[in-house]
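[1] the sequence and its predicted three-dimensional model are supplied below.
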Amino acid sequence: MQKIMYDSTIVKIEEELRCVCTKIKREGRNILSDLGITPPQFEALQYLIKCSDLTISELSKKMHLACSTITDLVNRMEKKLLVKRIKGTKDRRIIKIVVLERGYETIEEVLIMRRNYLSILLNDLDDEQRMVLTDGISLLYNKVV
């Protein structure tokens, strides 16, 4: 394998971004654990809220997981009263997964806790530093999305 020499800023950005992502991901998992849901359940709730009433196969495609895995995931989420399966009105064979009130509340609680964590991390930044950070992250986000 040929070794490629990168600009030192690229190396620094990659290393620090990797570290930041790892720490934020770890804190996010702690928050989910405290609320009694798993990362896949959180991801599924986000898709179901964003895309509204998906079927098992549609959610399976979005999450890049097998239908059987999604079925087990939805079963566990139903037991926690996060979601409910609803038969279609036009075609009763079609079953949609609907987010229940507790599912919406759980997502909101997770987001509040994650934003609180981020707020604590950035608390000592002044307005200009926050704007520079926001602009930099937005630039990277727009390249990725």
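    The structure has been received and is ready for your questions.

[2] what's the neighbour count on Gly103?
    Counted with other Cβ atoms under 10 Å, residues neighbouring Gly103 total 23. For glycine as for every other residue, the C-beta is placed from the backbone atoms N, C-alpha and C.

[3] let the chain start at 26 from now.
    Done: numbering now begins at 26, and the last item shifts to Gly128.

[4] excluding chain neighbours, what is closest to it?
    Leu107 (3.9 Å; Cβ to Cβ, 6 or more residues apart in numbering).

[5] pLDDT score assigned to that neighbour?
    Leu107 is assigned 98 on the pLDDT scale.

[6] and it, its phi and psi?
    phi -90, psi -30 (degrees, to the nearest 10).

[7] distance of it relative to Leu90?
    Counting by Cβ to Cβ, to the nearest Å, the gap from Leu107 to Leu90 is 17 Å.

[8] what about Leu164, distance to Cys46?
    Applying Cβ to Cβ to Leu164 and Cys46 gives a distance of 17 Å.

[9] ignore what I typed, I meant Gly53.
    Taking Cβ to Cβ, one finds Gly53 at 10 Å from Cys46.

[10] cool, Gln27 as well?
    Gln27 is 27 Å from Cys46, by Cβ to Cβ.

[11] same deal with Thr80?
    32 Å.

[12] okay, these two: which has more neighbours?
    Thr80 (16 against 10).

[13] my read: that one touches Ile122, true?
    Yes. In this structure, Thr80 is within contact of Ile122 by Cβ atoms under 8 Å, at 7.1 Å.

[14] with that, I have no additional questions.
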